[in-house]
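[1] sequence first, predicted model second:
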Amino acid sequence: MDIATLIGLIAGILLVSSAVMMGPSPLVFINPPSVLIVFGGVVATTLIRFPLKTVLITFKVAANAFVDKVQPPYALIQKIVELAEKSRRDSLLSLENVPIEDTFLKKGIQLCVDGTEPEVLRETLRTEIDGIIARHKTGQQILRAMAEAGPAFGMIGTLIGLVQMLVGMSDPSTIGPSMAIAVLTTLYGSILANLFCIPLADKLAQRSALETQNKEIVIQGIMGILAANHPRVVETRLVSYLEPKVREQITAASQQKRAAAA
Amino acid sequence: MDIATLIGLIAGILLVSSAVMMGPSPLVFINPPSVLIVFGGVVATTLIRFPLKTVLITFKVAANAFVDKVQPPYALIQKIVELAEKSRRDSLLSLENVPIEDTFLKKGIQLCVDGTEPEVLRETLRTEIDGIIARHKTGQQILRAMAEAGPAFGMIGTLIGLVQMLVGMSDPSTIGPSMAIAVLTTLYGSILANLFCIPLADKLAQRSALETQNKEIVIQGIMGILAANHPRVVETRLVSYLEPKVREQITAASQQKRAAAA
Amino acid sequence: MDIATLIGLIAGILLVSSAVMMGPSPLVFINPPSVLIVFGGVVATTLIRFPLKTVLITFKVAANAFVDKVQPPYALIQKIVELAEKSRRDSLLSLENVPIEDTFLKKGIQLCVDGTEPEVLRETLRTEIDGIIARHKTGQQILRAMAEAGPAFGMIGTLIGLVQMLVGMSDPSTIGPSMAIAVLTTLYGSILANLFCIPLADKLAQRSALETQNKEIVIQGIMGILAANHPRVVETRLVSYLEPKVREQITAASQQKRAAAA
Amino acid sequence: MDIATLIGLIAGILLVSSAVMMGPSPLVFINPPSVLIVFGGVVATTLIRFPLKTVLITFKVAANAFVDKVQPPYALIQKIVELAEKSRRDSLLSLENVPIEDTFLKKGIQLCVDGTEPEVLRETLRTEIDGIIARHKTGQQILRAMAEAGPAFGMIGTLIGLVQMLVGMSDPSTIGPSMAIAVLTTLYGSILANLFCIPLADKLAQRSALETQNKEIVIQGIMGILAANHPRVVETRLVSYLEPKVREQITAASQQKRAAAA
Amino acid sequence: MDIATLIGLIAGILLVSSAVMMGPSPLVFINPPSVLIVFGGVVATTLIRFPLKTVLITFKVAANAFVDKVQPPYALIQKIVELAEKSRRDSLLSLENVPIEDTFLKKGIQLCVDGTEPEVLRETLRTEIDGIIARHKTGQQILRAMAEAGPAFGMIGTLIGLVQMLVGMSDPSTIGPSMAIAVLTTLYGSILANLFCIPLADKLAQRSALETQNKEIVIQGIMGILAANHPRVVETRLVSYLEPKVREQITAASQQKRAAAA
């Protein structure tokens, strides 16, 4: 569970709704036709912009922003170093039966065991990373397209309300409430974009970057195992992807382990 | 038929028009001079921006957004693998009489059969892809130029109406209706841009990406056939372009087929 | 004569002026001080932004948008293929006396005849293309800078008018007309940018792209002539720059010609 | 201590607050609910956008903008030249005991002494630079995201206040104060973005560029030491990173030193 | 003296001030607190954004926009061709005593005479060009940062004034003047950005491009001299950087000179 996404969303919703509740007549802020024009318009243009199938999976993609499932890279590195040690001690083929959780690492090791040539192996894994990045990007693009469409349809709704108010301006006492309702669509569009779509798209981008880095580490590690590099060389190469602090911890830990083993 | 484009457009139009109908005096929203200045202005600047011939084919290009004619890549891959098998079993020349629907694949196979050198073949096909991408881009550029010109001429129309209203402001009772009409052009420009031009341009971009990927698959496949690669190698290379799910299905299917053939 | 540029400009001017004429008091829209501040401001900042000499040639550059002088690429390709045939039949030196209209092609052929080395030849022609592109870009940059300055000085003018109106707001009957005049500069700036500067800059960009492509074709063709490639090979390479339809026409025509010659 | 950051911030705060104090009723400008919606909204969306851990270290990162800790490059160059001289005079191994303050240079020298191969050395140091740049970028991204969210939530707050004011518009005497409070959130968001977030993000970017250049100098210098280049050659290569004036000073100084040593 | 920069600035200032003078009550436009908040705010954020030292040299950098000191490239080319002739006739070493005005050319020739290797020579000169470009860019960045900060602090000032006006709205007769003063800061910010900062930044960019091109010509020329190319070959290579017209003039002139010398 990515607690930050949840806290942020709940805090944002609470803030906006308490600002509404504290004022007089909070019920004015709920206006079904305004909701319809903004959210309906956003959904309609999203359908025009993207293939139907892509739109349908967006909810699943957006849900990723709430899940904290990206594996920390150091666990991955420790696993790879372990595999490198086993491959050196026993043989490359002995890796076949090692249980591996990470599906991408598992696939790569399977290809190694199958005797795939290094160049083909690297290219196949890279094409898969490219595909993953492309699918992540589509999810972000849809959210950003919605972030653009929200305020646009908010303005269209406000303009429609404005025209209606201006035409019927003979009775000044109705100007205020009519104008209030006209402004509501702009408010809805703005909240949709700034509290939901843009932040979620950014979180997905951050997550995509982390996942991609993990996959890069896997490719680097597998190439090292294939080349039968010394496990410590593999480790040195992979930890350079980590932040200095984490790097020092992991290096110290593996030195201790080696000392204990010796 | 790309059902999403159609549903999106109809839903958008219904939403906006029902918002107009539900209000008082819906007829106010239809104002021919305002229509003329926004749509006329958009057409006029599009004529200045792009060569006449290019503008004339835009309607045809935009129509593509409603047609669902991009071939699914797995059908293409199956066809290519079939050709690779036939070429290996019989000979490269035997491909001459195989009926091929996809014109780009057909052209590539024809060049193979004619004995074109691999490097020339690749370069010729790539130049053609570049041309296709460039033509797709022009279609999108025109739509995006219209999406920019719409709100701009909407604002010009509103400013003209505003000046006229301000000059004749002696009679306060006419202010409302005059202002309402002045605002209409901004509304038209905003709808034109956000409901039609931007989403259609985005859909064309999505479609262009899919078509380009298909062409990439064709080039990769033909290079594999020319190099007399084993059909399974050709298949493995090409399915890496697909999403994981589709990839598993197609791989399973072709394994069954091979098992049945054996 | 590029008829589209002219039609677009005239249509745009007619649209805007008829919208002004149809309203009451069209004469209000002509206000010399407002004209002065917008157009003067645009000219002043353009002088600061670009070297004097560059600004002076802008009018000449902008005039290009009205002239339809870009040669269609197929005529150029036919000429190059003709030269390739003559060079093969007679000799490279025999090209010296062939009359060539296109100055860039002429220069390239002259360099061939002079015995320039291929690498030097290519580099010299490419540096010239780079120079042409750079000069075209400056023209577009100036138009885009004016498109930015127009609305900016429109707003400055409106702000000045607004301050003057607000200070003298004691007499309510003068508010309307004063505000009308204040708004005029924004209208001028918006028309200048959206009807003239941006569309003309875009047309110049389109034209520049076409001219550059022609020059690319010339370089490719001359390299082929220098390498003494078969004229048909030269043609095949060059027609890949054309749209499919035009390509088929030109290929069919040259096949007929060859059949007739045989 | 980066005095400019501090002076700028204090001057900006003084300017804004004196503009508030000089007007009537300065206390109106302090409105807790408005503060809450803008700052709360910014914090909430930042939590959604970035991983929790990243957000927590932002304050530490932003604090860097106040600290003047980037080492001047000439001190670094002098140190490297000194090391190059010692390495040439004694041996590469003799560098092990030289005290080095800069941790990055120290690590590089340690790797040299350990006998790391040049290519591996360069790649390891470069991966570390890439990591540093990426971490600096995240800090800037968070500040820029806040600079975007500030005005957005300012507008959301103003729209909410506007709706509340319009609904209760029956009593004209309350319009002014209600509207004043509605506008406050836009003011807060604008100050947050333009006085704090954008300038601090820019300062961090400037600092990051300087630090990265220092690291580049270290890599270049270490490669020179490894290649056993003459110290003067190392110096000539490194001073080309400096501004002309500083370069002349440092060159003159080291010539004097050499003359004195001779 | 770059006459265009000066004319543009004076014309712009005259235009704006005459628009102010022609209206009633021109003295309203001078309001010290408004000046303070806009200009003070711009200076304050510039101090936060950039290192103190960099800000202090901005005035010197901006002054460059008024000075017409970029050497015309043809004079430079003539000088280089002259040096190439002397080097061929006498020897490379004979260039040591030739007086050279351009400091960059002088430095390059000095390095030639010192016997620097071509690759090192090219890299050293290129690093220096990179440094010059970077320093020019910083100047432009500061001006563009000011162009962004101007309208931002203009809006902050207007919002503060707006809140003060709305709170004290009980007396309608004071609304106009208060609002007028509130709008002034937006006007100041807009003028600062659009008449000063943006155009000056653009002029500096233009100038930087010209200077960089001159330096490129020097490098190309020196490489030619080092390679002992024939002076005419050096000239042909260098004039390809010039516009066609200038190129023809210079080529004709040097042919005449050669004819006269023969």
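    In hand now; what should we look at?
[2] what residues does chain A have near chain E?
    Residues of chain A lying close to chain E by CB under 8 Å from any CB of the partner chain: none are found. C-beta coordinates here come from the backbone N, C-alpha and C atoms, glycine included.
[3] low-confidence bits of chain A, can you list those?
    Within chain A, the segments meeting pLDDT under 70 span A:1, A:61, A:64-65, A:68, A:169-172, A:262.
[4] what about the residue positioned nearest the centre of it, helix or strand, and which?
    Geometric centre of chain A, nearest residue: residue A:204, 1.8 Å, by CA atoms, centre = their mean. Per DSSP states H and E: residue A:204 is located in helix A:198-226.
[5] and the helices in chain A?
    Taking DSSP state H to define them, one finds helices in chain A at A:3-22, A:32-49, A:52-56, A:58-63, A:73-89, A:103-113, A:118-167, A:175-191, A:198-226, A:231-239, A:244-261.
[6] so which of these gets nearest residue E:37?
    Taking CB to CB, helix A:175-191 is the member of the helices of chain A nearest to residue E:37, at 27.5 Å.
[7] counting by contacts, list what the closest one packs against.
    Packing partners of helix A:175-191 (3 or more CB pairs under 8 Å, 6 or more residues apart in numbering or on different chains; DSSP states H and E): helix A:32-49, helix A:118-167, helix D:118-167.
[8] quick revisit: the closest residue to the residue nearest to the centre of chain A other than its chain neighbours and residue B:137, how far apart?
    The shortest distance from residue A:204 to any residue other than its chain neighbours is 5.1 Å, reached at residue A:140 (CB to CB, 6 or more residues apart in numbering or on different chains). To residue B:137, residue A:140 is 22 Å away according to CB to CB, to the nearest Å.
[9] cool, residue A:232 as well?
    51 Å.
[10] for residue A:16, same thing?
    41 Å.
[11] more crowded one of these two?
    residue A:16 (22 against 13; other CB atoms under 10 Å in any protein chain shown).
[12] show me what contacts that one?
    Shown in contact with residue A:16 (CB atoms under 8 Å, 6 or more residues apart in numbering or on different chains): A:191, A:195, D:37, D:41, D:156, D:160.
[13] before we move on, what about residue A:181?
    Applying CB under 8 Å, 6+ apart, the residues near residue A:181 are A:28, A:31, A:34, A:161.
[14] which among the residues you listed gets closest to chain C?
    The closest of the contacts of residue A:181 to chain C turns out to be residue A:161 (CB to the nearest CB; 23.0 Å).
[15] distance check, the nearest residue to that closest one once chain neighbours are set aside against chain C.
    Spatial nearest neighbour of residue A:161, chain neighbours left out: residue A:182 (2.6 Å); criterion: CB to CB, 6+ apart. Relative to chain C, residue A:182 is positioned 22 Å away (CB to the nearest CB, to the nearest Å).
[16] what is the burial count for residue A:182?
    22.
[17] what's the answer for the one 10 residues further on, then?
    By other CB under 10 Å, 21 other residues sit near residue A:192.
[18] you'd agree it is up against residue A:35?
    No: look at residue A:192 against residue A:35 with CB atoms under 8 Å: they stay out of range, at 10.3 Å.
[19] list, one by one, the residues from the stretch 1-150 of chain A near chain D.
    Within the stretch 1-150 of chain A, the residues that sit near chain D (CB under 8 Å from any CB) are A:2-5, A:7-9, A:11-12, A:15-16, A:19-20, A:22-25, A:28-29, A:65.
[20] can you tell me which of those are buried?
    A:2, A:4-5, A:8-9, A:11-12, A:15-16, A:19-20, A:23, A:28-29, A:65 (16 or more other CB atoms under 10 Å in any protein chain shown).
[21] residues in contact with the residue nearest to residue A:190 when sequence neighbours are not counted?
    Ranked by CB to CB, 6+ apart and with sequence neighbours excluded, the top spatial neighbour of residue A:190 is residue D:156, at 5.3 Å. Neighbouring residues of residue D:156 by CB under 8 Å, 6+ apart: A:16, A:187, A:190, A:191, A:194, A:195, D:37, D:41, D:185.
[22] most widely separated two among these?
    Maximum pairwise distance in the contacts of residue D:156, criterion CB to CB, is 14.4 Å, between A:195 and D:185.
[23] looking at those two, which one has more neighbours?
    residue D:185 (29 against 25).
[24] contacts only, for the more buried one.
    With contact taken as CB under 8 Å, 6+ apart, residue D:185 is in contact with D:34, D:37, D:38, D:153, D:154, D:155, D:156, D:157, D:158, D:161.
[25] run through the residues that contact residue A:167.
    B:24, B:25, B:28, B:176, B:177, B:180.
[26] go on, residue A:178?
    Residue A:178 neighbours (CB under 8 Å, 6+ apart): A:161, A:164, A:165, A:168.
[27] just those residues now: which is nearest residue A:116?
    residue A:161 (63.2 Å).
[28] any idea how far that closest one lies from residue B:175?
    Look at residue A:161 and residue B:175: by CB to CB, they are 17 Å apart.
[29] over to residue A:35?
    Relative to residue B:175, residue A:35 is positioned 31 Å away (CB to CB).
[30] sorry, back to before: mind listing what the residue nearest to residue A:161 touches?
    A:157, A:158, A:160, A:161, A:162, A:164, A:165.
[31] apply 10 Å and report the result again.
    A:34, A:157-166, D:163, D:166 (CB atoms under 10 Å, 6 or more residues apart in numbering or on different chains).
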